[in-house]
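1. Make a model of this:
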Amino acid sequence: QVQLVESGGGSVQAGGSLRLSCAASGLRFSSYCMGWFRQAPGQERERVAIIATRSTTMYAHSVTGRFTISRDNAKNTVYLQMNSLKPEDTAVYYCAADDLCRSGNTWPYWGQGTQVTVSS
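-> Coordinates of the predicted model:
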């Protein structure tokens, strides 16, 4: 059974930083694309950052230069370092896994989400 458990969310003032972690189990972690997605109230879930099996990364335009995704295959963990946070970054952040690294948001495995709130 695949489990993805996020941690590290919280409340921060604009300009601050947070680091999200996602611990994975029940899958061959090194063979999976890992991603961070977010969903704000009343909005669709959007892709934030993706890291492929060979650590190639892709970012949403809105977070490029501020967020960094990384993975530690020895710990089965993916991270999202978020710097220079803005109020518009406020959302529930979800970790996801996909062995096909498909486009869109229909990845097969998801965590429960962690809230990030950025105040102005």
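
2. Nearest the middle, which residue of this protein would you pick?
-> Trp36 (2.1 Å; Cα atoms, centre = their mean).

3. quick one: contacts for that residue?
-> By Cβ atoms under 8 Å, 6 or more residues apart in numbering, the contact list for Trp36 reads 20, 22, 48-50, 69, 78, 80, 93-96. Just so you know, the C-beta spots here come from the backbone N, C-alpha and C atoms, and that holds for glycine as well.

4. quick one: it from Val63, how far?
-> Using Cβ to Cβ, to the nearest Å, one gets 9 Å for the distance from Trp36 to Val63.

5. Need the residues touching each of these two.
-> 48-49.

6. In a markdown table: the contacts of Trp36, plus pLDDT.
-> Output for these, formatted as a markdown table (pLDDT from 0 to 100):
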| residue | pLDDT |
| --- | --- |
| Leu20 | 98 |
| Cys22 | 98 |
| Val48 | 98 |
| Ala49 | 98 |
| Ile50 | 97 |
| Ile69 | 98 |
| Val78 | 98 |
| Leu80 | 98 |
| Tyr93 | 98 |
| Tyr94 | 98 |
| Cys95 | 98 |
| Ala96 | 98 |
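
7. Buried ones in the helix or strand the residue nearest to the centre of the chain falls within, by neighbour count?
-> For Trp36, the element it lies in under DSSP states H and E is strand 33-39. When burial is assessed from 16 or more other Cβ atoms under 10 Å, strand 33-39 yields the following buried residues: 33-38.

8. Can you list the strands that that strand pairs with?
-> strand 46-51 (antiparallel), strand 91-98 (antiparallel) (DSSP bridges).

9. Pick the most buried one from the ones you listed.
-> strand 91-98 (a mean of 22; mean count of other Cβ atoms under 10 Å).

10. Can you give me the distance of the residue nearest to Phe29 when sequence neighbours are not counted to Glu46?
-> Leaving aside its chain neighbours, Phe29 sits nearest to Asn76 (4.2 Å; criterion: Cβ to Cβ, 6 or more residues apart in numbering). Using Cβ to Cβ, Asn76 is found at 25 Å from Glu46.
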